[in-house]
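Q: Take this sequence and fold it.
(2 chains)
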Amino acid sequence: MTYNNAKRKLDDPSETENRNAVFQVDGVKVFYSGFMALQEVYLKVPEKQIVAFIGPSGCGKSTLLRCFNRMNDLIPGAKVEGKLNYRNRNVYDPQVNSVKLRRQVGMVFQRPNPFPKSIYENIAFAPRTNGYKGNLDELVEQSLRRAAIWNEVKDKLKSKGTALSGGQQQRLCIARAIAMKPDVLLMDEPCSALDPISTRQVEELCLELKEQYTIIMVTHNMQQASRTADWTAFFNTQTDAHGKRWGKLVEFSPTEQLFRSPTTKEAEEYISGRFG
Amino acid sequence: MASSTSDNSQEFTPNIERRETLGKVFEYIFLLGLLIGLFILALLLFDIGKDGLARFLTPGFLTETPSRFPDQGGILPAIVSSISLGVIVILVAVPIGVGGALYLEEYAPKIWWADLIEINISNLAGVPSIVYGLLGLGVFNYILGFGPALISGALTLSLLSLPVIIVTSREAIRSVPDSLRYASYGLGITKWQTVRNHVLPYAVPGILTGVIISVSRAIGDAASLIVVGAVSFLTFNPGLFQRFMALPIQIYSYITRPEPGFANAAAATIIALLLVILVLNGIAIYIRQRYSLLN
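A: Residues are numbered from 1 along each chain as shown, chains lettered A, B, ... in the order given. The predicted structure is shown next:
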């Protein structure tokens, strides 16, 4: 399964690939206030893999990411067309409840955004609100351990989540997301506000988490994509004669293949650093 | 060997001394503003204290009903009226005002009529209180038939407080970072739960600032209450549907009398009014500090 923009459709997805696809993006277009921000995208997100979205600023990678859990609903003027199936159900079907969807498709944001509450409460709030039946204390510990931050915060669970360092805050946000036991984790440039050590920690964390979760990660950092992702989608911007600019998916392939032998000229230029 | 940075210095005329002097000048201008404000406040307090403190401290001034004689009796009905008015204003205007602000900020579509409403509400905050008094007279006294009762006065003052509460609450709610809302929605938390647990607690300090300003204005207002029918002499503590007084009305009634002792009684009543406002504000500030610490 690969995608090359010239053909505008996915190449022969095999039967098994179809079955294991968590998300099937079928001609999704996004508009902001009537202007196209992203032209038709076709791709598949395989289960328990890390998929990275790379590309220059304004190429629509974050826009597409926000479609997966309908975060675009919160942006005034945003409109999504096309079909985006999550486990064979169109996410944009009016019958789909966005609250329920977001419970299953968690999100980690570009800037760490812990609640201005205690570390414990940061993790426990959402499960409690969603009627978690198990032991909350255990869930908090387990989530913090999984996010590799337990040892740093276990003695100060009552202190503010906002008082932690940037890298710790981001891992706290990851712990908060996995406490809801989601099916998929969306990460919007999770390391862009972090130093190299924290970045390393978050990347290692992602590699561990993919045992259980499917991860879709937007990143500006090509090394990060090549280090962590199984699949990589390269997005680029396009400008028409009137100066209107929008984003498009150029190429989607297994990471190794994309970086070693890209099939499009645009991807090749971007990866070799000749532009962007 | 000259470094390249010293060579570059010819390209700039930094004028650092002049720029720093300018900064100092403005610092002193701002300090002057503060000092003028403080001086006037101190003058006011001194003047009132000089005239009224002795009368304020006479036994019974806070606990007795008024008398015909300036040095006898007290202002208890006015105190009870003003505190009742303040409490009812808080109970009525805060939920309505914060609710309206929440709707406009969190629920209403962001289109032109939301802006139109905002401009109009800001305008209402500048309407003189006597106009609210006339509105209250028409609606509460006549249409709803409460007559010149405490409840009419309290509801009129609530109307007077609403615009400021809505505008400041909106401002406070708007200052809650969107990242907090996104974090909450991203976890599968509903809109109301997000508003209730994340937006409101974050906005409480700002909302309370508006409440303090507007309730202080309401308690200190006399014009609208005169129109609604507050009386200047009352020998009992008013119930909700009875004739009522208020501290500003009491002050007005004292200073309109010719006998010299009443000026002192008026100053003493002003001290009482300041204390009532101080206590109500103190409670609000205490709650605000607690929430600031929580955030």
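
Q: mind checking the SS state of the residue nearest the centre of chain B?
A: Most central in chain B under CA atoms, centre = their mean is B:I213, positioned 2.0 Å from the mean C-alpha point. Look at B:I213: counting by DSSP: H, G, I helix; E, B strand; the rest coil, its state is helix.

Q: all strands for the stretch 101-250 of chain B, in order.
A: Using DSSP state E, counting those that start in this stretch, no strands are found in the stretch 101-250 of chain B.

Q: low-scoring stretches of chain B, by residue?
A: Within chain B, the segments meeting pLDDT under 70 span B:1-9, B:293-295.

Q: 80 instead, please
A: Chain B contains residues with pLDDT under 80 at B:1-10, B:110-111, B:291-295.

Q: Check chain A too.
A: A:1-20, A:273-276.

Q: contacting residues for the residue nearest to the centre of chain B?
A: B:164, B:168 (CB atoms under 8 Å, 6 or more residues apart in numbering or on different chains). Glycine gets a C-beta too; all of them are placed from N, C-alpha and C.

Q: One more: B:P163?
A: B:P163 neighbours (CB under 8 Å, 6+ apart): B:121-122, B:124-125, B:127, B:214.

Q: Which segments of chain B make up each domain?
A: B:15-56, B:76-294 (automatic domain parsing).

Q: Out of the ones you listed, which is the most enclosed?
A: domain B:76-294 (a mean of 19; mean count of other CB atoms under 10 Å in any protein chain shown).

Q: and it, how far from the chain's centre?
A: Chain-centre distance of domain B:76-294: 7 Å, with CA atoms, centre = their mean, to the nearest Å.

Q: Which strand or helix spans A:G82?
A: Applying DSSP states H and E as the criterion places A:G82 in strand A:78-86.

Q: The helix or strand that that strand is followed by pairs with which strands?
A: Going down the chain from strand A:78-86, the next helix or strand is strand A:89-90, by DSSP H and E. Strand A:89-90 has the following sheet partners, assigned by DSSP bridges: strand A:78-86 (antiparallel).

Q: ok, and for the strand it pairs with, which residues are buried?
A: A:78, A:80, A:82, A:84-86 (16 or more other CB atoms under 10 Å in any protein chain shown).

Q: And for A:K248, the neighbour number?
A: For A:K248, the tally of surrounding residues (other CB atoms under 10 Å in any protein chain shown) stands at 20.

Q: and what of A:D155?
A: What A:D155 shows, counting by other CB under 10 Å, is a neighbour count of 8.

Q: try B:T13
A: 8.

Q: Could you say which helix or strand holds it?
A: Here B:T13 is assigned to no helix or strand, by DSSP H and E.

Q: Please identify which residue in the stretch 101-250 of chain B comes closest to chain A.
A: B:G188 (3.0 Å; CB to the nearest CB).

Q: need the contact list for the spatially most central residue of chain A.
A: In chain A, the centroid-proximal residue (CA atoms, centre = their mean) is A:L186; its distance is 2.8 Å. Counting by CB under 8 Å, 6+ apart, A:L186 touches A:65-66, A:68-69, A:105-108, A:215-217.

Q: Can you pull out the residues in contact with the strand holding A:G82?
A: A:21-32, A:34, A:40-41, A:67-68, A:72, A:90-92, A:101, A:104-105, A:184.

Q: and the residue nearest to B:V92 when sequence neighbours are not counted, what does it touch?
A: Leaving aside its sequence neighbours, B:V92 sits nearest to B:S158 (CB to CB, 6 or more residues apart in numbering or on different chains; 4.2 Å). Each residue near B:S158 by CB under 8 Å, 6+ apart is listed here: B:88-89, B:92-93, B:96, B:218.

Q: who in the stretch 151-295 of chain B is up against chain A?
A: B:177, B:179-190, B:193, B:197-198, B:202, B:294-295 (CB under 8 Å from any CB of the partner chain).

Q: do that again at 7 Å, thanks
A: Counting by CB under 7 Å from any CB of the partner chain, the residues of the stretch 151-295 of chain B close to chain A are B:179-180, B:182-183, B:185-190, B:193, B:197-198, B:202, B:295.

Q: Among the residues you listed, which pair sits farthest apart?
A: B:G188 and B:N295 (23.3 Å; CB to CB).

Q: Let me see the contact set for A:A148.
A: Residues counted as contacts of A:A148 (CB atoms under 7 Å, 6 or more residues apart in numbering or on different chains) are A:171, A:201, A:205.

Q: From those, pick the one nearest B:Q250.
A: The closest of these, once distances to B:Q250 are taken by CB to CB, is A:R171, at 62.1 Å.

Q: Are we agreed that the closest one is in a helix?
A: Yes. The assignment for A:R171 by three-state DSSP puts it in a helix.

Q: how close does it sit to B:F61?
A: 63 Å (CB to CB, to the nearest Å).

Q: Between its first and last residues, how far does stretch A:254-264 reach?
A: 14 Å (CA to CA, to the nearest Å).

Q: what sits up against that stretch?
A: A:4-5, A:52, A:225-226, A:229-232, A:234, A:250-251, A:267-268, A:271.

Q: what's the answer for stretch B:87-106, then?
A: B:114, B:117, B:154-155, B:157-158, B:161-162, B:165-166, B:169-170, B:173-174, B:195, B:199, B:207, B:211, B:215, B:218.

Q: Helices - which of those residues land there?
A: The helices, defined by DSSP state H, take in B:114, B:117, B:154-155, B:157-158, B:161-162, B:165-166, B:169-170, B:173-174, B:207, B:211, B:215, B:218 from the contacts of stretch B:87-106.

Q: Name the nearest residue to A:E141, ignoring sequence neighbours.
A: A:W150 (6.5 Å).

Q: I meant B:L208, not that one.
A: Closest to B:L208 by CB to CB, 6+ apart is B:R288, at 4.4 Å.

Q: Backbone torsions only: list them for that neighbour.
A: phi -60, psi -40 (degrees, to the nearest 10).

Q: just A:E189 next, same as before
A: According to degrees, to the nearest 10, A:E189 has phi 40, psi 60.

Q: wait, it sits on A:I216?
A: No. Counting by CB atoms under 7 Å, A:E189 sits too far from A:I216 to count as a contact (12.0 Å).

Q: which of the two has more neighbours?
A: For A:E189 and A:I216, the more surrounded residue by other CB under 10 Å is A:I216, and the numbers stand at 27 against 21.

Q: Tell me the secondary structure at the more buried one.
A: Classification of A:I216 by three-state DSSP places it in strand.

Q: Who does it form a beta bridge with?
A: A:V51, A:L186.

Q: Tell me which residues touch it, please.
A: A:45, A:51, A:65, A:68, A:184, A:186.

Q: ok and the residue in the stretch 101-250 of chain A nearest chain B?
A: A:R103 (3.0 Å).

Q: element containing that residue, please.
A: Going by DSSP H and E, A:R103 is in helix A:98-104.

Q: Flag every buried residue along that helix.
A: Here helix A:98-104 shows A:98, A:101-103 as buried, counting by 16+ other CB under 10 Å.

Q: May I see those residues arranged in CSV, with distance to A:E138 as well?
A: Listed next are the buried residues of helix A:98-104 as CSV, based on distance: CB to CB, whole Å:
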residue, distance to A:E138
A:S98, 29
A:L101, 26
A:R102, 24
A:R103, 20
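
Q: which of those lies closest to B:E11?
A: A:R102 (55.0 Å).

Q: Backbone torsions only: list them for B:A42.
A: Torsion angles, degrees, to the nearest 10, at B:A42: phi -60, psi -40.

Q: and the stretch 1-150 of chain B, which residues reach chain A?
A: B:K110.
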